[in-house]
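can't give you the sequence, but here's the structure:
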């Protein structure tokens, strides 16, 4: 089981702050996970439509789209940061 | 009459904070004034020995050694600044 | 208030306002080897009177971790004698403080550079997102990230 | 305490300590268009315990004028919403403040650059001279100017 968490407009589009699911064995990279999210229905298709701008963190550490998921237990999806 | 003022080690070497004197008509630039100071006795010769490092201000405005004295009423001599 | 332990640094993510003089005093207390302190305070602008409040969402846990990583990089890069980073979340009214970075060193150059670096990296790496709430009662869009912030971070 | 009138800036040369929070509040009071404030404080170091006090000599009148000229340059170069420069003179003990520069702007880059610029120019152009008074009762030599300060000022 993997916890997926969403922030800002990604959270609003998905419609929930987090969910815990089983990822398919075939999904082993961040890029593959973003592609898979798009296949989970209209809501997800919309939320991940512009996947190239979505940032991902694996267990609270920034990860590039080419990164392997490894054994991450919490995967976060969010827009580029605008703090400070 | 022109007021000459001295600061930091220039003041200490000259032995007074200021003096008011008549400058010779031939002294029309900062460089000429620094040379002239050296001729005013041992104390001044020592104070202005390394004239190239001494900074000069004409009426409280920095001036290069090539500047004309113009009608400056107060001329200051001091080492490079070390405030801040 | 949540804290993160980075030796030599104070990192906090909090809803409440912070106290700049108290945070500065914490850095300088009991020492006389500091020659320069740079304190940067980021404030909420009213955007010409349009804005009622900024909403700051953050990723708890990761926000502390990420600012801590940025702080460790700064501590390794400059000879700092003190480093503080505090970032608020929640609803923030115009004129209120949002973020504080304090950097202290024996000499001013390190303090300036470290504070500047911290802010550039906070902007582009700390998981915070801003949304505008307007005077007219509407909620604006999420603030978009700026290319100039990425360019600023790339300087280092 | 002496003041100099530069519209948009507060310039003061004084013997007494200054109050950083009060000076910051003076800059921000009654406005909500400031996005970033950089406050630089320069302090007297104890030089590894050797130092009893720093003596700061200045050129009254010219000090205010020269800092005012530097402030006018900064105001012309960056879109500032507040600018403060306060420099102390006299005997200053280790741990005490010597100089304060505050720069405020809508965005952080202008505030950082203006404060950094002000300090570099204060160091090399404001007529102040430091002499060390040591714990052992002797008076040290006048502090020599540093080539790195001239190099820093030449960046701008």
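Arrived safely. This one's a predicted model, so the numbers in the text were calculated from it and none came from an experiment.

tell me, what residue is most central in chain C?
Closest to where the C-alpha atoms of chain C average out (CA atoms, centre = their mean) is residue C:99, at 3.7 Å.

so which helix or strand takes in that residue?
Counting by DSSP states H and E, the element that carries residue C:99 is strand C:97-105.

what packs against the helix or strand just after that strand?
Remark: after strand C:97-105, the chain's next helix or strand is helix C:108-125, criterion DSSP H and E. When contacts are defined as 3 or more CB pairs under 8 Å, 6 or more residues apart in numbering or on different chains; DSSP states H and E, helix C:108-125 packs onto strand C:36-43, helix C:62-77, strand C:80-88, strand C:97-105, helix C:147-154, strand D:36-43, helix D:108-125. Heads up, the C-betas are built off the backbone N, CA and C, glycines and all.

top helix in chain A by residue count?
For chain A, the helix that runs over the most residues, judged by DSSP state H, is helix A:30-38.

contacts for that helix?
A:23-24, A:26-27, A:44-45, A:47-49, A:51, A:54, A:56, A:58, A:63-67, A:69, A:75, A:77 (CB atoms under 8 Å, 6 or more residues apart in numbering or on different chains).

and after it, which helix or strand comes next?
Next along the chain after helix A:30-38, taking DSSP H and E as the criterion, comes helix A:42-47.

Can you mark which positions in that next one are buried?
Neighbour counts using 16 or more other CB atoms under 10 Å in any protein chain shown place A:44, A:47 of helix A:42-47 among the buried residues.

and it, what other elements does it pack with?
For helix A:42-47, the packing partners by 3+ CB pairs under 8 Å, 6+ apart are helix A:8-14, helix A:30-38.

Please name whichever of those helices is nearest to residue C:85.
helix A:8-14 (21.2 Å; CB to CB).

same for that closest one, what does it pack against?
helix A:42-47, strand A:74-78, strand C:139-142.

and chain C, which of its residues are near chain B?
Residues of chain C that fall close to chain B, judged by CB under 8 Å from any CB of the partner chain: residue C:108.

and chain C, which residues reach chain D?
So chain C meets chain D at C:20-21, C:24, C:28, C:31-46, C:48, C:94-95, C:106, C:108-109, C:111-112, C:115-116, C:119, C:152 (CB under 8 Å from any CB).

now with 6 Å?
Residues of chain C lying near chain D by CB under 6 Å from any CB of the partner chain: C:21, C:32-43, C:45-46, C:94-95, C:108, C:112, C:116, C:119.

Only whichever of the residues you listed are buried, select them in PyMOL.
Applying 16+ other CB under 10 Å to those leaves a buried subset, and the PyMOL line that selects it is:
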select buried, chain C and resi 32+33+34+35+36+37+38+39+40+41+42+43+45+46+94+95+108+112+116+119
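
ok so, going back, in strands only, show me the contacts of helix A:30-38.
For the contacts of helix A:30-38, membership in strands holds for A:56, A:58, A:63, A:75, A:77, with DSSP state E as the criterion.

so which of the residues you listed is the most crowded?
The most crowded member of the ones in strands among the contacts of helix A:30-38, judged by other CB atoms under 10 Å in any protein chain shown, is residue A:77 (23 neighbours).

Residue in chain A with the shortest distance to chain D?
Closest residue of chain A to chain D, CB to the nearest CB: residue A:84 (7.8 Å).

Just confirm that residue contacts residue C:99, I think it does.
Yes - counting by CB atoms under 6 Å, residue A:84 touches residue C:99, with 5.4 Å between them.

tally of neighbours for residue A:61?
Residue A:61: 14 neighbours (other CB under 10 Å).

so what's the backbone phi/psi at it?
phi -130, psi 130 (degrees, to the nearest 10).

ok, it - contacts?
If you count contacts by CB atoms under 6 Å, 6 or more residues apart in numbering or on different chains, residue A:61 has none.

what's the spacing between it and residue A:75?
Noted for residue A:61: a distance of 11 Å to residue A:75, by CB to CB, to the nearest Å.

try residue C:102
Distance, residue C:102 to residue A:75, using CB to CB: 34 Å.

In chain A, which residue sits closest to chain B?
For chain A, CB to the nearest CB, closest residue to chain B: residue A:84, 28.3 Å.

which ones are touching the residue of chain A closest to chain D?
Residue A:84 neighbours (CB under 6 Å, 6+ apart): C:42, C:99, C:119, C:122, C:123.

Can you pull out the low-pLDDT segments for chain C?
C:1-4 (pLDDT under 70).

Most proximal residue of chain C with respect to chain B?
Nearest residue of chain C to chain B: residue C:108, at 7.8 Å (CB to the nearest CB).

isn't that residue right up against residue C:36?
Yes - at 3.6 Å, residue C:108 and residue C:36 qualify as touching, with contact defined as CB under 6 Å.

Turn the helices and strands packed on helix A:8-14 into CSV, including distance to residue C:130.
What follows is the helices and strands packed on helix A:8-14, written out as CSV (distance: least, CB to CB, whole Å):
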stretch, distance to residue C:130
helix A:42-47, 20
strand A:74-78, 13
strand C:139-142, 7
